[in-house]
Each structure stands twice: as structure tokens, then as C-alpha cells.
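Enquirer: The following block contains a protein sequence and its predicted model.
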Amino acid sequence: MDVKPHKLNISDYRTVASLHCDHINQGFLATLGVPFLTLLYEVIDKDSQSILLVERLDHSILGFVTGTRGLGRIYKQLLLKPLRLIYSLKSCILPPSKIYKIIEIFLISKSSKISADLPRQELLSIVVNPAYQGQGYAENLFNALSSYFSAEGASSLRI
């Protein structure tokens, strides 16, 4: 399993993005396409308060998990890369409803306050290629994420 420091490359981010699009395909983010998700997962991996862990088998990524202590930082990093962000979204010609949804996500994340009862640490996404499901990979990924946050002193995380 890959842990920080950042050992992933653009090809790895593309693979993670493809896994997301293929297997978390009911969510809004998947509708934005692999180029956008590639950028998103790169930003998550490089953010000091977030983590992207991958499970490999023979150098191939078969699953991943992401977590963060704050989505706002991730969105800010995306906005600080306007040309890459626009370029990543160009392939999915955005109808007004998608543009509205993107703006809504940014605004909600900026204005939302986490309840004092909830931990800041959050699981964002977890995917294992269906060909490898039922073999403990998702459990390994979840446990690695939990251990990462535990090392920071967190006793729990949000899902």
C-alpha cells in the first residue's frame, strides 16, 4: 500500500479517477469525467491535510481510499489552478445545471460548519475494482486510513 510521502504520478491519478468513474458512477463527481477527477485526486494527494492511499498488485492499482481533515482546502487548491480546472472540465460541456451544482458545492463547503460532536477527519471515497472485491482489500484500505488518522490523535472519522 502506498502512503505519503507522495509516490504517485499522473498515471496513478488517472487510474484512481477511472476507478472512481467506473465504480462510484452514481455520484455527481463522476459526471465531471476522468480529467477532472484526475486533477481532484492529485490535489487530494498533495494536500497536507488529506491522504490518498492506493492498493497495488503487481504494480497495478486495484483500489484506493481518500480522507481529509477539510474539504475547503481541497476546493481552494482546485480554484488556485484555474487553467487546469477549466481544461479538466472542457470535455464535459457543462450545462447550466452542472455549473450551478459545482458552484453550490463550493459555497456549501465554504459556509458549512462541522458540528462540534463530529470529528474533522473524513473518509471521502473508497473503491476496489470488482475483480478484487471480497479479498479484504477494502478492509485493508479502510484500516490504513483509520491508522493514518489515529496517528494524528483522532479516535474516529466521519463517513
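Expert: Now that the structure is in, tell me what you want to look at.
Enquirer: The helix or strand harbouring residue 78 - what's its average pLDDT?
Expert: Following DSSP states H and E, one finds residue 78 within helix 71-79. Computed over helix 71-79, the mean pLDDT rounds to 87.
Enquirer: cool, and stretch 11-27?
Expert: Averaged across stretch 11-27, the pLDDT comes to 94.
Enquirer: likewise stretch 127-134?
Expert: The pLDDT scores in stretch 127-134 average 96.
Enquirer: Now the helix holding residue 78: buried residues?
Expert: Within helix 71-79, the residues that qualify as buried are 71, 73-75, 77-78, counting by 16 or more other Cβ atoms under 10 Å. For every residue, glycine as well, the C-beta is placed using N, CA and C.
Enquirer: And stretch 44-61, by the same measure?
Expert: By neighbour count on 16+ other Cβ under 10 Å, the buried set for stretch 44-61 is 44-45, 47, 49-55, 61.
Enquirer: Mind checking which of the residues you listed are in strands?
Expert: Those of the buried residues of stretch 44-61 mapping onto strands are 50-55, 61, per DSSP state E.
Enquirer: Out of these, the closest to residue 19 would be?
Expert: Nearest to residue 19 among these: residue 61, at 7.2 Å, using Cβ to Cβ.
Enquirer: Relative to residue 90, how far out is the closest one?
Expert: Distance from residue 61 to residue 90, counting by Cβ to Cβ, to the nearest Å: 26 Å.
Enquirer: helix, strand or coil for residue 149?
Expert: The local conformation at residue 149, judged by DSSP: H, G, I helix; E, B strand; the rest coil, is helix.
Enquirer: whoops, residue 88 was the one
Expert: Applying three-state DSSP: residue 88 is helix.
Enquirer: Much appreciated, bye for now.
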